[in-house]
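>>> sequence first, then the predicted structure, then my questions.
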Amino acid sequence: AQSVTQLGSHVSVSEGALVLLRCNYSSSVPPYLFWYVQYPNQGLQLLLKYTSAATLVKGINGFEAEFKKSETSFHLTKPSAHMSDAAEYFCAVSTHGSGNTGKLIFGQGTTLQVKP
Amino acid sequence: DSGVTQTPKHLITATGQRVTLRCSPRSGDLSVYWYQQSLDQGLQFLIQYYNGEERAKGNILERFSAQQFPDLHSELNLSSLELGDSALYFCASSGGELAGGLGETQYFGPGTRLLVL
């Protein structure tokens, strides 16, 4: 069965510091991987998506993620955190074995706190 | 703004009652997904419709049902409500360029927050 594990339910960084949010997936076949962000009292917004075209995926707001098959990881990074990046971040996977559906399996989420 | 709309934004009701949540997908999107977000279960897939037909089911309770209408809007019906049904319910839509299947990007609405007292 597919699953997603986000290491660290809460990450705190200083403004201007590197952001690293960890995501590991389990899938027997190449998956589609997504990172979404949820700001308080809002829906989920797509940050980026991996579709096997390139292992390094660039997203919105300066975020990027690297797909590493050997490590079954898809960690999200941003070189310099801004106060506006404070939000909850979700890693999600969509993969074969579920019939022809695009349903997403989400990780538990990581809350990013940015300190001034 | 994702283009997906959900009504109502908030809903407060009592145990045993029935409610209907409504979702309008982005213009032209054929697939609609419903997800439940709760503190203990996280974000869980409930059900997907593609062009009016049920495509996939997740951890959806028998007390819950959904449908997608010819104009592509969708409704999620929750009945015999229990305290544990209190959650944020999201609708998402995708374009259908992959026939509602693997890899389609989903766009989420703002959610309906349900509180069962």
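Everything's here; your move. Residues are numbered from 1 along each chain as shown, chains lettered A, B, ... in the order given.
>>> any low-confidence regions in chain A?
For chain A, the stretches flagged by pLDDT under 70 are A:28, A:96-99.
>>> near chain B, which residues of it?
Within chain A, the positions adjacent to chain B are A:32, A:34, A:36, A:42-46, A:49, A:51, A:90, A:94-96, A:98-109 by Cβ under 8 Å from any Cβ of the partner chain. For the C-beta atoms, the positions are set from N, CA and C on the backbone; glycine is no exception.
>>> buried subset of the residues you listed?
Applying 16 or more other Cβ atoms under 10 Å in any protein chain shown to the residues of chain A next to chain B, the neighbour count classes A:32, A:34, A:36, A:43-46, A:49, A:90, A:94-95, A:98, A:101-109 as buried.
>>> among these, which lie within strands?
Counting by DSSP state E, these place A:Y32, A:F34, A:Y36, A:L44, A:Q45, A:L46, A:K49, A:F90, A:S94, A:I105, A:F106 in strands.
>>> residues contacting the nearest residue to the second one once chain neighbours are set aside?
If you skip the residues right next to it in sequence, A:F34 has A:A92 as its closest partner in space, 4.4 Å away by Cβ to Cβ, 6 or more residues apart in numbering or on different chains. With contacts defined as Cβ atoms under 8 Å, 6 or more residues apart in numbering or on different chains, the neighbours of A:A92 are A:V4, A:L33, A:F34, A:W35, A:Y36, A:L104, A:I105, A:F106, A:G107.
>>> just give me the closest of the residues you listed to B:E62.
Nearest to B:E62 among those is A:I105, at 21.8 Å by Cβ to Cβ.
>>> check contacts around the closest one.
With Cβ under 8 Å, 6+ apart, A:I105 has these contacts: A:Q2, A:S3, A:V4, A:A92, A:V93, A:S94, B:F45.
>>> count the neighbours of the nearest residue to A:L18 once chain neighbours are set aside for me.
Distances taken as Cβ to Cβ, 6+ apart place A:P79 nearest to A:L18, at 6.1 Å, with adjacent residues excluded. Close neighbours of A:P79, defined as other Cβ atoms under 10 Å in any protein chain shown, add up to 11.
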